[in-house]
Structures are given as C-alpha cells and as structure tokens.
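Participant: Sequence and predicted model, in that order:
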Amino acid sequence: MVTNNRQLFLQHVAQTSPAPIGLEIVKAEGVYMWDKEGKQYTDLISGFSVMNLGHGQTAIKEAIKKQVDDYMHLMVYGEIIETPQVQYAKRLTEFLPEKLDCVYFTNSGTEATEGAMKLAKRVTGRSKIVAFNNAYHGSTQGALSIMGGEYFRNAYRPLLPDVWHADFNTECALYFIDNQTACVVMEVVQAEAGVFAADANWLQAVRKKCDETGALLIFDEIQTGFGRTGTLWAFEKYGVVPDILLLGKALGGGLPLGAFISSYEKMQALTHNPVLGHISTFAGHPVCCAAGLAGFEILVEQFLLNHKGTETQRGTEAISMHPDFFKKEQLFRSLLMHTGIKEIRSAGFLIAVQLENADICMKVCHECVQAGIVTDWFLFAPDCLRIAPPLIITEEQILHACRVIVDAIDKVLQEN
C-alpha cells in the first residue's frame with residue numbers, strides 16, 4: 001500500500017506553523033541531507049545548532065550502539081550510577097571554571113532553563129527574575145515566562161509572576177537587579193534576536209550588580225555552546241563566569257540532552273526541603289550521554305586549541321577553535337556581498353544576514369531550499385537569514401552555499 005507521507009505528516013503529526021519546510025529526508029551525512037527522490041541538500045542550520053559536528057559521525061554512532069547493547073533506561077534520574085552520565089559530567093567540568101563543577105542533566109535545553117530557575121529560587125529564597133527582550137530560553141510555561149517576546153507569551157497567560165524584562169546591552173537593565181532578584185537569565189550572544197553579542201563592559205557590570213545584590217547570574221549557552229561562536233563557550237571571551245550555565249542542542253551529539261551546571265554547594269539545595277527538589281524520569285539518558293560524550297571528544301581533539309589538561313580553561317585563557325574556523329567565518333562574510341543585504345552579524349558560525357524585510361527573507365529561504373540549501377530565519381528577526389552550518393563545513397561547500405544564497409536574493413528581488 002502506497003502512502004503519502006506528506007499528507008500523513010500534516011494530518012497526524014502536530015504542526016508548529018501553517019507552512020513547515022516539509023522535506024522528506026531519508027539520509028544525512030556530513031553537511032548533506034537527501035530526500036526520498038535522491039535530491040541533495042546542504043544543511044546550513046545544523047538542526048538549529050544540534051549537529052555541530054555534522055551528520056553521521058562514526059564515533060558517535062558506535063558509542064550509541066555500544067551503550068544500547070549495555071543498557072538503556074534503568075531508573076529515574078539520579079538514583080543509579082550510570083557510567084555515561086558520570087563520565088560526561090566529569091569531562092564537561094574539566095573544561096569549565098572551577099565553580100561550575102556539578103552537572104544536572106535534563107532531556108532538553110528548555111528543561112535546563114526550568115531547573116535553573118528553580119535552583120535560583122531555592123538558593124536565594126527569592127522570586128524575582130530578570131530576563132531580556134528578544135531572548136529565547138524555551139517554550140515550556142516557565143521558560144516562556146522569561147522569553148523576550150510578548151507575541152509568543154500573550155496567548156498563554158497567566159505565566160510566572162515577578163518576571164521583569166529589560167533591553168539587552170542597556171544601563172537601564174542594571175536597575176532591574178536588586179535585593180529581591182533571584183536570578184538574571186541571559187544569552188551572552190542573543191541568537192534569535194538576529195545575533196547580537198553582549199557588550200563586554202556591560203556584561204561585567206551585570207556580573208558586578210549580581211554580586212552586590214546576591215542575585216545569581218545564569219548564562220544560556222544552549223545554542224552558542226560547543227564551539228558555535230568560535231570559543232568552546234561564548235562567555236569565555238568576556239572574562240565573566242556565571243553562577244549557573246545552561247547547555248543543550250549540541251550537548252547530546254544529535255540525541256536529546258540538556259543540562260544546567262552550577263557549583264556542588266548550590267546543587268545540594270535540590271536534595272532536601274523538599275527531597276527530590278528537581279526530578280525527571282528520562283533526564284540524562286545513558287544513550288544520549290554516551291553520544292554526547294563521544295561528540296564532545298571529537299570537538300576537543302579535532303577543533304579546539306589549548307585543551308591539554310584542565311589548567312588552561314580553569315584559568316583565564318579561553319579555549320578557541322582552530323584558525324581555519326575563523327577563516328571560514330570571514331569567507332562567509334566576504335562571499336555574501338549583495339546590495340540587497342543590509343547587514344551581516346556573526347559570532348563564529350552563528351550568522352544573521354539581514355535583508356530588506358521579513359517577506360523577502362521568507363521568499364529567499366524558499367528559493368534556497370528549492371535550490372538545495374536548507375536555511376531559515378530567526379524568531380525575533382524574521383528579516384534575517386540564518387546561517388549556522390556544521391563546524392565541519394569546507395571552503396568549497398561554503399562557496400557553493402553562498403552562490404546559491406546570492407542567486408536566490410537576486411531572483412527574489414527581481415520578482416518583487
């Protein structure tokens with residue numbers, strides 16, 4: 001019996017928009033994906049920064065197969081010693097500042113946000129949360145409450161009370177942080193805003209104000225971690241260390257995994273009054289942790305500089321990507337020269353190409369997909385084309401992708 005998978009997809013799989021991309025992909029390898037007709041697509045969004053190492057890494061697949069043979073789910077998270085969790089947590093903390101030494105694995109980045117907010121409230125005994133406009137931290141009720149866009153929040157009110165939204169990179173935001181503030185939640189690079197990086201002096205001022213008031217500083221590196229912006233963690237460039245770090249997306253090597261990371265002392269607050277202060281059945285699934293650890297080892301060995309031992313990272317020097325990474329970032333910028341492009345903003349391989357308006361951007365995205373380039377737009381910047389390819393992309397692949405994008409812009413502008 002022949003079935004129309006697109007029709008079944010639209011009918012039986014809950015949709016998130018009226019117009020999904022709708023490609024029926026049957027295979028993915030490296031930076032490429034293939035549909036059921038055999039058409040090849042270049043993946044310029046890495047599954048929204050999940051597939052940082054590209055598709056089909058052999059070491060990751062082998063780690064998954066081995067762990068499946070050993071065991072899969074055993075018991076609710078935190079009760080049984082599961083080797084993949086332990087090894088991955090230890091390895092991550094070797095590449096983090098000393099006070100970020102305890103990992104709570106979750107199923108997703110959104111759940112990491114939820115856990116971090118609970119931890120901040122528990123540690124400080126406060127309820128006020130300061131977040132930022134045009135920030136994205138997930139879509140569950142708590143994460144939605146701190147999302148920086150009223151368009152997305154309004155339909156689901158009432159949300160969490162005592163959440164204050166400020167403008168990013170503004171002095172006014174500092175006045176929101178006071179002795180009633182449990183935490184300040186922020187991205188070091190606002191991704192969905194269209195790639196806007198924090199000002200270094202401002203970020204240091206936020207850290208200082210948190211220290212003065214006793215508020216915890218939470219950095220969301222769910223999208224910017226694991227080399228995406230040119231250093232292992234985006235915050236390394238600023239000399240500012242958060243009290244809690246959020247990870248997700250690339251953390252699982254292609255499988256669902258998130259984490260919030262803080263100090264051992266702070267994490268103990270979730271163990272009593274009440275006991276089981278934060279709990280999850282499938283969080284830190286051993287297969288996901290095995291995949292994530294295998295992927296992290298590839299990143300460390302093949303892409304990062306200054307990773308010999310833990311002294312460098314626990315000191316002041318940031319762990320950067322190899323120089324070829326930055327050459328490729330500049331190659332993207334140099335090839336995307338077009339009068340129809342208003343601005344290009346980038347933080348490593350997180351690039352926003354700003355076009356005239358959202359309508360033109362949507363049409364360019366469509367033309368790119370038709371020509372075999374998968375790209376998209378940004379949640380709070382629909383006039384910007386998203387470029388966030390796997391870190392393994394080659395100069396030849398960049399050249400081809402940029403030619404297609406420029407041709408797509410030409411075609412759309414001629415038709416408008």
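Facilitator: Arrived safely. Residues are numbered from 1 along each chain as shown.

Participant: Tell me how many other residues crowd the residue nearest to residue 373 when sequence neighbours are not counted.
Facilitator: Nearest non-adjacent residue to residue 373, counting by Cβ to Cβ, 6 or more residues apart in numbering: residue 404, 4.6 Å away. Just so you know, the C-beta spots here come from the backbone N, C-alpha and C atoms, and that holds for glycine as well. The number of residues packed near residue 404 is 19, by other Cβ atoms under 10 Å.

Participant: Over to residue 26?
Facilitator: 11.

Participant: and what of residue 208?
Facilitator: Neighbour count of residue 208, defined by other Cβ under 10 Å: 13.

Participant: That one looks like it's in a strand, true?
Facilitator: No: using DSSP: H, G, I helix; E, B strand; the rest coil, the assignment for residue 208 is helix, not a strand.

Participant: Compute the distance between it and residue 172, please.
Facilitator: 16 Å (Cβ to Cβ, to the nearest Å).

Participant: Which elements pack onto the stretch of helix or strand the residue nearest to residue 373 belongs to?
Facilitator: Residue 404 is part of helix 395-415 when elements are defined by DSSP states H and E. If you count contacts as 3 or more Cβ pairs under 8 Å, 6 or more residues apart in numbering; DSSP states H and E, helix 395-415 packs onto strand 40-43, helix 323-335, helix 358-370, strand 373-374.

Participant: contacting residues around residue 390?
Facilitator: 30, 31, 43, 46, 51, 52, 53, 54, 55 (Cβ atoms under 8 Å, 6 or more residues apart in numbering).

Participant: List only buried entries from these.
Facilitator: If you count burial by 16 or more other Cβ atoms under 10 Å, the buried members of the contacts of residue 390 come out as 30, 31, 43, 46, 51, 52, 53, 54, 55.

Participant: roughly how far apart are the fifth one and residue 259?
Facilitator: Distance, residue 51 to residue 259, using Cβ to Cβ: 18 Å.

Participant: Name the secondary structure element that contains residue 47.
Facilitator: helix 46-49.

Participant: let me redo that: residue 259
Facilitator: With DSSP H and E as the criterion, residue 259 is inside strand 258-262.

Participant: what about that strand, distance to the chain center?
Facilitator: 13 Å (Cα atoms, centre = their mean, to the nearest Å).

Participant: Give the other helices and strands that the very next helix or strand once past it contacts.
Facilitator: Per DSSP H and E, the first helix or strand lying C-terminal to strand 258-262 is helix 264-267. Contacts defined by 3+ Cβ pairs under 8 Å, 6+ apart place helix 264-267 against strand 102-106, helix 109-124.

Participant: Out of the ones you listed, which gets nearest to residue 255?
Facilitator: strand 102-106 (11.8 Å; Cβ to Cβ).

Participant: The closest one: partners in the sheet, and parallel or antiparallel?
Facilitator: strand 258-262 (antiparallel) (DSSP bridges).

Participant: residues making contact with the helix holding residue 404?
Facilitator: Contacts of helix 395-415 (Cβ under 8 Å, 6+ apart): 31, 42, 44, 327-328, 331-332, 335-338, 340-341, 353, 355, 360, 363-364, 367-368, 371-373, 375, 385, 387, 389, 393.

Participant: Now list the buried members of the residues you listed.
Facilitator: Buried positions within the contacts of helix 395-415, assessed by neighbour count (16+ other Cβ under 10 Å), are 31, 42, 44, 328, 332, 335-336, 338, 341, 353, 355, 360, 363-364, 367-368, 371-373, 375, 385, 387, 389, 393.

Participant: surely residue 341 meets residue 355?
Facilitator: Yes: Residue 341 is in contact with residue 355 according to Cβ atoms under 8 Å; the separation is 6.5 Å.

Participant: Could you measure from residue 293 over to residue 66?
Facilitator: With Cβ to Cβ as the criterion, residue 293 and residue 66 are 11 Å apart.

Participant: Which of those two has more residues huddled nearby?
Facilitator: Neighbour comparison, residue 293 and residue 66: the larger count goes to residue 293, with 25 against 13 (by other Cβ under 10 Å).

Participant: what sits against that one?
Facilitator: Each residue near residue 293 by Cβ under 8 Å, 6+ apart is listed here: 63, 84, 87, 88, 91, 253.

Participant: can you tell me which of these are in helices?
Facilitator: 63, 84, 87, 88, 91 (DSSP state H).
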